[in-house]
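*Asks:* Generate coordinates for the sequence data below:
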Amino acid sequence: MTIPKRLPMDSPVAVKDDRIQLQIEPACHQAEAVMFDGKERKPVKVKSDITARITLNDIPVEGPRAKLRMSFKDKTQPAMVHLGMWESIEVYEERELIGENEVYMAVKEKLGSRECGTPGYDIVDMRLVYYADEFSGGPDLLLPYYLVEIAFEDKKGREMGILEGPSTILPVPAYR
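*Replies:* Down below sits the predicted model:
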């Protein structure tokens, strides 16, 4: 597993290493409303969102610093711009990925160490991602994590006919 460095972006992303395959796929979504003038209903575009899906070596990059998003409410000025990208990406170090069995054990250990005890739970989904956390002034690294979605048992809810209990996403480091 390659752990790349990342830096705040001032210019397009530079990739100089053959081990790094970066893909940025833009997408646009337009929301419409129906305007009624008393005689006729017309669909009108009210908002356009431009986003990007970022993958690094075919693994999605997630987190608040891995976003490109703009929202437009009129035709010329964006109402919101959020940009979290990097000037360059390079390999920082090589690490071994842990297996899914170790992830299950880490989840069991984390949930077992809670003071309130752990009700029954199911692992709903597990996804390997590079996580781009908030910048805290230290080294800025894209680290591989398993994002594990966990659904907890809700006995009171089940008695009331509610089948889904509370759920959470637990990040588990994917490297040794």
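
*Asks:* For the chain, give me the ranges with low pLDDT.
*Replies:* Along the chain, segments meeting pLDDT under 70 span 1-12, 74-85, 114-119, 135, 137-139, 157-158, 162-163.

*Asks:* what do you get if the cut-off is 80, keeping everything else the same?
*Replies:* When the per-residue scores of the chain are filtered using pLDDT under 80, the ranges that remain are 1-16, 26, 29, 45-50, 63-88, 112-120, 122, 132-141, 153-165.

*Asks:* measure the residue most central in space within it to residue 25 for me?
*Replies:* Nearest to the mean C-alpha position of the chain, by CA atoms, centre = their mean, lies residue 62 at 3.1 Å. Computed with CB to CB, to the nearest Å, the distance linking residue 62 and residue 25 is 14 Å. Every residue, glycine included, has its C-beta placed from N, CA and C.

*Asks:* Which elements pack onto the helix or strand encompassing residue 123?
*Replies:* Per DSSP states H and E: residue 123 is located in strand 121-131. With contacts defined as 3 or more CB pairs under 8 Å, 6 or more residues apart in numbering; DSSP states H and E, strand 121-131 has these neighbours: strand 59-62, helix 100-112, strand 143-152.

*Asks:* cutoff 10 Å now
*Replies:* For strand 121-131, the packing partners by 3 or more CB pairs under 10 Å, 6 or more residues apart in numbering; DSSP states H and E come out as strand 2-8, strand 41-56, strand 59-62, helix 100-112, strand 143-152, strand 167-173.

*Asks:* Direction included, what does it pair against?
*Replies:* When pairing is defined by DSSP bridges, strand 121-131 lines up against strand 59-62 (parallel), strand 143-152 (antiparallel).

*Asks:* Specify the angle between the longest one and strand 167-173 in degrees.
*Replies:* This means strand 143-152. Comparing the axes of strand 143-152 and strand 167-173 via axes from the mean of the first three to the mean of the last three CA atoms, to 10 degrees yields an angle of 150 degrees.

*Asks:* which residues does the closest residue to residue 129 other than its chain neighbours contact?
*Replies:* Nearest in space to residue 129, with sequence neighbours left out and distances taken as CB to CB, 6 or more residues apart in numbering, is residue 62 at 4.5 Å. For residue 62, the set of contacting residues under the criterion of CB atoms under 10 Å, 6 or more residues apart in numbering consists of 54, 127, 129-133, 142, 145, 147, 171.
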